[in-house]
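J.: Show me the folded form of this:
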Amino acid sequence: MHFYKTFNSATDDKPHFDSTLQEAKQTVASYTETDRHLVRVELVDIDTDKHTLCIVLNGGEYHATVLRTWAVTPRGGLKEVTGGE
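T.: Numbering: from 1, shown residues only. Sure, this is the predicted structure:
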């Protein structure tokens, strides 16, 4: 299943997950202008089998495949980048 993962690439803060790109854009808007250049949005694929869901529900580490990555522009828009730049 695909999700949009938004996180500050300079911190170890817990990422935020959204189900649509539009929701991810709203999440990006919550970051301050000074932090925006550090924010990344990734389209990730996470298995939704019973075993993986148990791991997620118990707060464990799971495997996610990154399909696309966006950086945040100075004005708060998204620009696709390669290789998680």
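J.: how about low-confidence regions in the protein?
T.: For the chain, the stretches with pLDDT under 70 are 83-85.
J.: Strands along that one, start to end?
T.: Secondary structure of the chain (DSSP state E): strands at 2-8, 16-18, 39-46, 64-72, 78-81.
J.: Tell me which strands the fourth one pairs with, and in which orientation.
T.: For strand 64-72, the paired strands and their directions (DSSP bridges) are strand 39-46 (antiparallel), strand 78-81 (antiparallel).
J.: Give me the buried stretch members for it, please.
T.: Neighbour counts over strand 64-72 (16 or more other Cβ atoms under 10 Å) mark 64, 69-72 as buried. Glycine gets a C-beta too; all of them are placed from N, C-alpha and C.
J.: can you count the residues close to residue 40?
T.: Residues lying near residue 40 (other Cβ atoms under 10 Å) number 20.
J.: Hmm, residue 72 and residue 28 touching each other?
T.: Yes - with contact defined as Cβ atoms under 8 Å, residue 28 counts as touching residue 72 (5.5 Å).
J.: which residues do these two both contact?
T.: 36, 39, 41, 78 (Cβ atoms under 8 Å, 6 or more residues apart in numbering).
J.: among those residues, which two are most distant?
T.: Taking every pair in these and measuring Cβ to Cβ, the maximum separation is 11.3 Å, between 36 and 41.
J.: shared neighbours of the two, anything?
T.: 28, 72.
J.: These two: which is more packed in?
T.: Just comparing residue 36 and residue 41: by other Cβ under 10 Å the higher neighbour count belongs to residue 41, 25 against 18.
J.: Who does the residue nearest to the more buried one when sequence neighbours are not counted form a beta bridge with?
T.: Using Cβ to Cβ, 6 or more residues apart in numbering and skipping the chain neighbours, the partner closest in space to residue 41 is residue 70 (4.4 Å). Assessed by DSSP bridges, residue 70 has beta-bridge partners residue 41, residue 80.
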